[in-house]
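Asker: sequence plus the predicted model coming up.
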Amino acid sequence: SNVPNIILNNGVRMPQLGFGVWQVPDDEATSAVAHAIASGYRSIDTAALYRNETGTGRAIAESGVPREELFVTTKVWNDRHGYDSTLRAFDESLERLGLDYVDLYLIHWPAPKQDRYVETWKALEKLYADGRAKAIGVSNFKPTHLRRLMEETEIVPAVNQIELHPWFQQAESRAFHAEHGIATEAWSPLGQGKGLLEDPAVAEVARKHGRTPAQVVLRWHLQLGNVVIPKSVTPSRIEENIAVFDFVLEDDDMARLAALDAGNRLGADPDTLG
Ligand code: NAD
């Protein structure tokens, strides 16, 4: 596959483009992930919440691709925060996936009202020390949550997976991550396909390059250094979304997309969820 790797802060290599499976039912996950792997994807992003770890694991097992060539991410859900319950949740995820390790394990949301993400993180540190998660990270953490982890625990997260797309560009988080060696992974990189791909500026840049809007948006992320995990269950779109390594956006194209930031989330505010 022609997807470049980024090097995480612990030396682990992570494909800069992967396949997300949120909202894909378990039985469809097997064929979608199988098509993604056949199309060259080597990184898969699931979560206990998505209830498709079993179908995802089946596709991985049937793919014939050696385990060490794949990069599998899953996440602990908000109802399993705490040291012991996170360790158990991890075991259950591995069991469903049919794997003996994951490449990346994430805290799905900080759920600050529960105030247990520090304990949860200590469980992830244990899983990392035991080699059962090759890298550990977080998702939906704001700089305040990250700062607290760094003050109270040992390991700096390798990754923070956050909502990020041209309509919600997260300048403050991206700068914080860059300063602390945390990789920025963009969830809903295509803005969930809701409107962003019809934005006139995106459409114009796409026309200029003879590409689709989705390809232009993914290219924008990649050139900023973001990790992306676009989701689709449509075979042609799965293929389209990885065919983004043979063209380059110019500075004025990047500037046109940079100008689209509206500062509005599509998803929840991490301070209030969970
Ligand atoms: P996305 O931005 O990847 O958009 C997916 C939607 O865009 C598809 O359902 C489809 O409608 C459309 N689409 C995809 N490819 C297209 C193409 N080539 N042309 C036209 N339309 C296309 O949205 P997402 O699924 O929300 O995010 C991607 C992944 O990020 C998820 O599957 C999940 O793995 C992860 N995620 C994580 C969190 C979190 O809290 N950590 C939250 C949301 C999503």
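Answerer: Arrived safely.
Asker: buried residues, whichever helix in the chain runs longest. List them.
Answerer: If you go by DSSP state H, the chain has its longest helix at helix 83-97. Residues of helix 83-97 classed as buried: 83, 85-87, 89-90, 93-94, 96-97 (neighbour count, 16 or more other CB atoms under 10 Å). Where C-beta positions appear, they are placed from N, C-alpha and C, glycine not excepted.
Asker: what residues does this structure put near the ligand?
Answerer: The chain has residues 20-22, 45, 108, 139-140, 161, 187-193, 197, 212, 214, 229-232, 237, 240-241, 267 near the ligand, with proximity defined as CB under 6 Å from any ligand atom.
Asker: tally up the residues packed near the closest residue to the ligand within the stretch 51-200 of the chain, please.
Answerer: Distances between the stretch 51-200 of the chain and the ligand by CB to the nearest ligand atom are smallest at residue 193, namely 2.5 Å. Residue 193 has 15 neighbouring residues, counting by other CB atoms under 10 Å.
Asker: equivalent analysis for residue 255, please.
Answerer: Applying other CB under 10 Å, we find 10 residues neighbouring residue 255.
Asker: list the buried residues of the host helix or strand of it.
Answerer: Per DSSP states H and E, residue 255 falls inside helix 251-258. By neighbour count with 16+ other CB under 10 Å, helix 251-258 contains the buried residues 253-254, 256-257.
Asker: now stretch 134-149
Answerer: Quick answer for stretch 134-149 (16+ other CB under 10 Å): 134-142, 145-146, 148-149.
Asker: cool, stretch 215-223 as well?
Answerer: 215-222.
Asker: quick one on the thing from earlier: would you show me how to pick out the buried ones of the residues of the chain next to the ligand in PyMOL?
Answerer: Typed into PyMOL, the line below selects the buried ones among the residues of the chain next to the ligand, using 16+ other CB under 10 Å:
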select buried, resi 20+21+45+108+139+140+161+187+188+189+190+191+192+197+212+214+229+230+231+232+237+240+241
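Asker: let me know the pLDDT of residue 264.
Answerer: Looking at residue 264, its pLDDT is 87.
Asker: ignore the last one, residue 1
Answerer: 68.
Asker: what of the one 4 residues further on?
Answerer: Per-residue confidence for residue 5 comes out at a pLDDT of 98.
Asker: show me what the nearest residue to it once chain neighbours are set aside bridges to in the sheet.
Answerer: Spatial nearest neighbour of residue 5, chain neighbours left out: residue 13 (3.9 Å); criterion: CB to CB, 6 or more residues apart in numbering. Following DSSP bridges, residue 13 is listed with bridge partners residue 7.
Asker: residue 13 contacts residue 3, doesn't it?
Answerer: No - using CB atoms under 8 Å, residue 13 makes no contact with residue 3, being 10.8 Å away.
Asker: of these two, which one has the most company?
Answerer: More crowded of residue 13 and residue 3, by other CB under 10 Å: residue 3, with 17 against 14.
Asker: check whether the more buried one really touches residue 15, as I assumed.
Answerer: Yes - between residue 3 and residue 15 there is a contact at 4.7 Å, judged by CB under 8 Å.
Asker: any residues in contact with both of the two?
Answerer: Contact criterion CB atoms under 8 Å, 6 or more residues apart in numbering; residues shared by residue 3 and residue 15: 41-43.
Asker: wait, which of the residues you listed is closest to the ligand?
Answerer: When the shared contacts of residue 3 and residue 15 are compared for distance to the ligand (CB to the nearest ligand atom), residue 43 comes out closest, at 10.5 Å.
Asker: for this protein, which segments count as strands?
Answerer: Per DSSP state E, the chain carries strands over the ranges 5-7, 13-15, 19-20, 43-45, 71-76, 102-107, 133-139, 159-163, 183-187, 227-228.
Asker: and the longest helix of the chain, how far out from the chain's middle?
Answerer: 19 Å (CA atoms, centre = their mean, to the nearest Å).
Asker: packing partners of that helix?
Answerer: For helix 83-97, the packing partners by 3 or more CB pairs under 8 Å, 6 or more residues apart in numbering; DSSP states H and E come out as helix 53-62, strand 71-76, strand 102-107, helix 117-129.
Asker: which of the shared contacts of residue 3 and residue 15 lies closest to residue 176?
Answerer: Nearest to residue 176 among the shared contacts of residue 3 and residue 15, counting by CB to CB, is residue 43 at 23.5 Å.
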